[in-house]
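J.: Sequence and predicted structure are below.
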Amino acid sequence: MFVCNRTSSILCSVEFAGVSLIVFDNCHVAVEPMSPYAEIVSMLRDSPYNEHVRIFGMTSSIIGGLLEEPEQLEMRISQLETVLCARGGFPGSRGKK
């Protein structure tokens with residue numbers, strides 16, 4: 001197990017053997033430069049266990065401020081999906097995008 005926050009950096013190699021789920025709280029920070037979350041996902045992609053590990057990211061503040069255009073929300077969700085190799089979902093969406 002490892003724990004990090006938005007200001008820490010992963011400085012060691014992470015072994016994913018035996019890991020089935022990674023939970024990211026405040027996952028919206030994954031798109032920030034030097035994000036430890038993005039670093040963990042990058043390590044997972046290079047791991048032979050990448051097909052067996054699931055990622056659950058949650059956030060209550062995906063936008064981090066006011067949006068001028070609705071398309072900005074779609075862009076932000078798309079960025080998160082790309083960085084976390086995931087699909088966005090919302091309460092009540094039942095996995096639909």
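T.: Thanks, I have the structure now.

J.: List the buried residues of stretch 29-44.
T.: The neighbour-count check on stretch 29-44 (16 or more other Cβ atoms under 10 Å) flags 29, 30, 31, 35, 36, 37, 38, 39, 40, 41, 43, 44 as buried. (C-beta placed from N, C-alpha, C; glycine too.)

J.: check contacts around the residue nearest the centre of the chain.
T.: Nearest residue to the geometric centre of the chain (Cα atoms, centre = their mean): residue 84, 4.0 Å. By Cβ atoms under 8 Å, 6 or more residues apart in numbering, the contact set of residue 84 is 24, 27, 30, 37, 38, 41, 55, 57.

J.: So the closest residue in space to the first one that isn't next to it in sequence versus residue 37, what's the distance?
T.: The spatial neighbour of residue 24 that comes closest, neighbours along the chain excluded (Cβ to Cβ, 6 or more residues apart in numbering), is residue 57 at 4.1 Å. Between residue 57 and residue 37 the distance is 8 Å, computed by Cβ to Cβ, to the nearest Å.
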